[in-house]
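Enquirer: Below are the sequence and a predicted model; questions follow.
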Amino acid sequence: MTYPHIIFFIILVLPLLGGLINFLAGARSGPWIATAALLLSSILSVFLLKLTVDLPSVLRFTWLPGIEIGWRLDRISVSLIALVSFISMLIHLFSIHYMKDDPGIKRYFAKLGFFTFSMLGVLGADHLLLLFVFWELVGFSSYLLIGFWYKNEGVPYAARIAFITNRIADAGFLIGIILIMVNSGTGFISELQSIDQTGWWVGAAGIGLVLGAFGKSAQVPFFTWLPRAMAGPTPVSALIHAATMVAAGVYLLIRTSVIMPPALVSTVAIAGALTAFIGAFSALAQTDIKKVLAYSTVSQLGYMVMGVGVGATDMALFHLWTHAFFKAGLFLSAGAIIHYFHKHFHSIDGQDMRNMGNLKSVMPVTQFSYLVCMLSLAGLPFFSGFLSKDGILLKSLEWSALAGPWAFIVPVLGFFTVGLTAYYMGKQALVVFYGKNRMETELVKDKEDFLTVRLPLIILAIGSLGLFYSFNPFVHHFQILDFWFGHQIPLSFSMGWLAPAISIPLAVGGLFVAFRSYRPERSFTYRDYVARGHYRKWSMHALYLDQFYHESMVKAFNMISEIIYGLDRRFIDPVLNWLGMSFVVFSKLMDLVDKLIVDKLVEFVAYISKLGGDFLRLFHGRRVQLHIFWAVLGTILILLWINNFM
Amino acid sequence: MSIDPVYGLGLSAFLFSMGLLVIIIKRNAIFVLIGIELILNAANLNFVVFSSADPANTGQLFGVFSVVLAAAEAAIALAILLNIFKFYKSTDLHQLNRLKY
Amino acid sequence: MIDHLLSLIVFIPLLGAGVVLFLKPDQSAIIKGTTLFLNVVQLLACIILVILFQKQTDAASITTNFQFVEKYEWIRLNLGESLRFIIEYHIGVDGISLPLVVLSSFLMLVAIISSWNQSKQVKGYFVLYNILNASIVGCFVALDFFLFYLFFELMLLPMFFLIGIWGGPNRSYASVKFFLYTLLGSILILIVMIGLYLGVTQPGSTIHTFNIIHMMGTENFVQDSLLRPGAGGTIFGIAARYAAFLALFVGFAIKLPMVPVHTWLPDAHVEAPTAISVILAGLLLKVGGYGIVRIAYGIFPDAALNYAYLIAVFGVISIVYGGLNALAQRDLKRMIAYSSVSHMGFVLVGLGALTVEGVSGAVFHMVSHGLISGALFLIAGVIYDRTGDRLIDNYSGLAGKLPQYTFVVVFMFFASLGLPGLSGFIGEILVLMGAFDSASSNGLLPPWIGVVSTTGIIISAAYYLWATQRMFFGEYWVREASWESNMHDISKREWTMFIPIMLLVLILGVYPRFLLDFTDNTVNQFVNYVLEVGANLMGK
């Protein structure tokens, strides 16, 4: 064990420890302890980054006999470790305020700590099996946190669906891992490039890994769990279902795409583009403030997956990073709003955008942070989202030019989604923060706490500025990426100007359309919040995929289990019982034979002997000793008789 | 010095006959028990007598063994009798014809 | 003392049975105390056993790998010049049986704590309990087939009465069903045992033997024996050795239990008292698995290779079928019982794979499932103790009312559905690796076995989570108002049962070498033996 590893283990264990101590400490100080642990973790991870930046550090050990697994700390993993622990720290901080009055606050922070621990484990793992271990733990803590308010209706169901959907995908992932381990003799991610890639198993393993990644990153056809997961507390949605966990699938794809066959990678690209589009489309008509963000997350994850598919793995990673900031910022802003409503207008649904309006007057900092993050998400220049998204789009153009005419579906969907994204985000911002207050009662002025609300929001907003990553808002010169990969990313496509040339007008256009429909001075009815047209219902229900799963697969599955149980009770068990019964019937028959034939025979013999016995009884008196007397007499007579013969 | 086995066997036969007689005649269970003891001891005597003709002396060993057994058996029998007496207030064999109740 | 450590472990409970027999029925505290004390002594002896056990032996083959061997002539009949009937008291442990011995001592101890409040005919209960303990441990250490069979049958008797007297409302049906089923299996085993006795002699002599180790040596078979490798005889058109293997396999598979001979299990579990369910699921099922490894595979490696595919197919069927059945259950205990069927299917798949990972996984899964299913039945017992009812639909939102209980339940449910970091995962992943490895290394199983087995982890997640959702989430509600007063959280006594199990499950999940280091050497030799000897014999 080397020096960096000791630091890594401290980073890894600190959130867990913080969560545990928080659980033992009081409800006041506990959350602060957990947050402090995370702060320490983030500081240490920056230090770790400095240590491992040029020298990847590898630790291997034998976990199961014959199976060596290990950790690997290199630029990519440690950068993400720093990202996760930092964002987790901010969200801890925000949660202190958000969960202040919840009776389960200790439980909450323990679970949050456990999640952070698991997520850091995913990032540090170099072996697929070790990664899978933490991968599942991440899913488990996500289950716990989605189901945090287990008493509320629909929450347990959402948690269960999230876990089961992930589990289905993970079954594929597990098969993929095992196929790789068994057939190539290694499961180390860093060695995947060098394994012999011949045989049927490579494709199967690739499909398995893709399934696993798609499940966790909520891609088509698995994405339905993510909007449901919004049933959890909002900071949890920010941390797990926007910034970190859902990006784990993308991280996995980035790390393992080297062994995937080209056809599979193309499929990944198309699936990603499709997800990006479906996510954005579904976000259009949502009325729940968190649901919009959730579908937007699905959409952005689609971009990342698409990026991996078209070969822009570094851009996908960059988008993962920028998305973590602006999406966490958006969710925390939404959390601040929900908390505001919960505090002041308890009877009003604080997640329904139809109740909001003119919130800028009461929450200026939230509005600022929201705007920055939203513009970043919409993909406007000077914001981080523009840089990363355009990288992916550019690469997709290049890729489709090489791959053939059918491949143009990917960039087309990708660019179209840019417009949609700008539209629904603009709409949300306008409806929530501007216009008139749409409630019966007056808005209440309430200054947010600086340390636990404003500070995290401001930090996340700053992190979403393009300046933070590149000094030139248009040219793809990414200092931070150079740092990760140690070299400048060459973008050799001759039409490098094409992507921004298409996407900027699209984004601006989307915002403009939104502004035209929802401009502050315009009054509009509830019906107008959802987009008009025939597609409204389809958008609202995300193409009815969730209902389809529930009606077809879940019900069919339950029905099959009932049928099989019926089979067990009505067929297998009775057959075995019938076998037993047939023995009983047979024995009854035997009994009859016994009574009618054998018994009678015996009775006849008994009758004969009774006759003899009755005669012999004449010699016996009622005294016991007479028996002995007759016995002795008989013996003597026999002896005499023998004597006479001999 | 050795005694003609006939004397020993004669004594044994006498003991055996006495024992048998007691068992057959007496009504009292205790006497019957005594009769059984007599028969057992007659058998023991036979062991000993015959063993005097056997250089390995196995017979004597069996004699001792049998005495021990007899003692144990007598103890159990007496215990049973005692309980019977407690229960029926009698040891008359003719009245003890109902062991089950 | 050390030389007789194993005998000590086997006979301490019998001593307990003897002592309890002499106590008065109303001295229940002394009866329980004695049993508890002797069981603790037994567990300590097991720990010494583990400490003294050599993980790596220089023994060349599986047959010489046993440690703590005790071998005495037990029954000897001279039936003439050359005909002698000898049964030996021959016991020993290797890496496969050692974990099971320790597991059984441990679970027995837990089950005593669980039955601490037993008040009905305490004396009889604990006498039978001690006999059960001795017979289960005896099964795991016996190296003489006759001795094994004796312990195997001895197990039925106390189990029958423990279910039949102390069980639930439908106990007599369940106990008779249990007894008949397992007796059927025993008879199959008995037939093969006699056949083997007549077919095998001690090396270098004509004396027949029940020694399992001798039975593993192909050179020890009598020339004209039906069961001699390559003898060519058939029974019902199947080669005699294959038929004998199948008889043994079915005999043990009933115990395991394997679909379609599993239907005794749900009934027996539902009716049995909690502690007996724990032993039934945690230990008796493992005797079936152990019997397949030690006896069926050990003596007939060629047939094992021949039927590996079939066994794995039945394992897969058990996994899926048991899992789907569990999903349909409304009774918590019945659901856990069906989940046992599903999980023991993994053991069959691992054994069918005949790779080091597969067999290690099977052994590991037996131990881990022993712990987890034991805890699961304790969980069902906790709620049953409070309300006398186990229907899942009669409860809702228990998480708010019984947080500690919920913690234990979620921990154990997730351990059982294979959450990494807990022991259930290790067993499953090893078995699955074995199944996939088999396709490429020894070619016994096609890959679809592994793929279909993997669906088992989805199904198990489905039924456990559904049960959790129905019982523990939502608003607090119970069916009967009279239960309300009894709904208190886990007591200290109950924690003492759960904490050791949870710790072990966690340790085994995080550091599986804690167990696998013990089994590794033996499993390697075992797999080599079955593959090599089996292939040789099949070639003949």
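Expert: On my side now, so go ahead. Numbers count the residues shown, from 1 in each chain, chains lettered A, B, ... in the order given.

Enquirer: Point out the other helices and strands that the longest helix seen in chain B packs with.
Expert: With DSSP state H setting the assignment, residue counts place helix B:58-88 as the longest helix in chain B. On a contact count with 3 or more Cβ pairs under 8 Å, 6 or more residues apart in numbering or on different chains; DSSP states H and E, helix B:58-88 meets helix B:29-51. Any C-beta I mention is one placed from the backbone N, CA and C, and that applies to glycine too.

Enquirer: Do me a favour and average the pLDDT over the helix it packs on.
Expert: The average pLDDT within helix B:29-51 is 89.

Enquirer: returning to what we had before: buried sites along the longest helix of chain B?
Expert: B:59-60, B:62-63, B:66, B:70, B:77, B:81 (16 or more other Cβ atoms under 10 Å in any protein chain shown).

Enquirer: Please enumerate the strands of the stretch 201-350 of chain C.
Expert: C:234-235, C:238-239 (DSSP state E, counting those that start in this stretch).

Enquirer: rank those strands by pLDDT, which is bottom?
Expert: Among those, strand C:234-235 carries the lowest mean pLDDT (a mean of 80).

Enquirer: can you give me the offset of that one from its chain's centre?
Expert: 31 Å (Cα atoms, centre = their mean, to the nearest Å).

Enquirer: Check stretch B:62-78 too.
Expert: Remark: stretch B:62-78 is offset 9 Å from the chain centroid, using Cα atoms, centre = their mean.

Enquirer: Stretch A:608-628 now?
Expert: Taking mean C-alpha positions (Cα atoms, centre = their mean), stretch A:608-628 and its chain are 92 Å apart.

Enquirer: cool, and stretch C:4-22?
Expert: 21 Å.

Enquirer: Below-threshold pLDDT in the chain: ranges please.
Expert: No chain in the question, so chain A it is. Across chain A, residues meeting the criterion (pLDDT under 70) sit at A:1, A:467, A:470-496, A:523-534, A:620-624, A:646.

Enquirer: The chain in question should be chain C.
Expert: C:1, C:79-83, C:540.

Enquirer: again, but for chain B
Expert: For chain B, the stretches with pLDDT under 70 are B:1-2, B:97-101.

Enquirer: In chain B, which residue sits closest to chain A?
Expert: B:I24 (4.6 Å; Cβ to the nearest Cβ).

Enquirer: what about that residue, distance to chain C?
Expert: Relative to chain C, B:I24 is positioned 42 Å away (Cβ to the nearest Cβ, to the nearest Å).

Enquirer: Based on its surroundings, how many neighbours for that residue?
Expert: The number of residues packed around B:I24, counting by other Cβ atoms under 10 Å in any protein chain shown, is 20.

Enquirer: do the same with the one 5 residues further on
Expert: Around B:A29 sit 20 other residues, with neighbours defined as other Cβ under 10 Å.

Enquirer: May I have the residues that are in contact with it?
Expert: Residues in contact with B:A29 (Cβ atoms under 8 Å, 6 or more residues apart in numbering or on different chains) are B:81, B:84, B:91-93, B:96.

Enquirer: make it 6 Å
Expert: Contact analysis of B:A29 by Cβ atoms under 6 Å, 6 or more residues apart in numbering or on different chains lists B:81, B:91, B:93.

Enquirer: Name the nearest residue to it, ignoring sequence neighbours.
Expert: Excluding the flanking residues, the one nearest B:A29 by Cβ to Cβ, 6 or more residues apart in numbering or on different chains is B:T91, at 4.3 Å.

Enquirer: do A:W149 as well
Expert: In space, and not counting its chain neighbours, A:W149 is closest to A:V155: 5.3 Å by Cβ to Cβ, 6+ apart.

Enquirer: That neighbour and A:A231 touch, don't they?
Expert: Yes - the pair A:V155 and A:A231 qualifies as a contact (Cβ atoms under 6 Å) at a distance of 4.5 Å.

Enquirer: More neighbours: which of these two?
Expert: Set A:V155 next to A:A231 and count neighbours by other Cβ under 10 Å: A:A231 wins out with 24 against 20.
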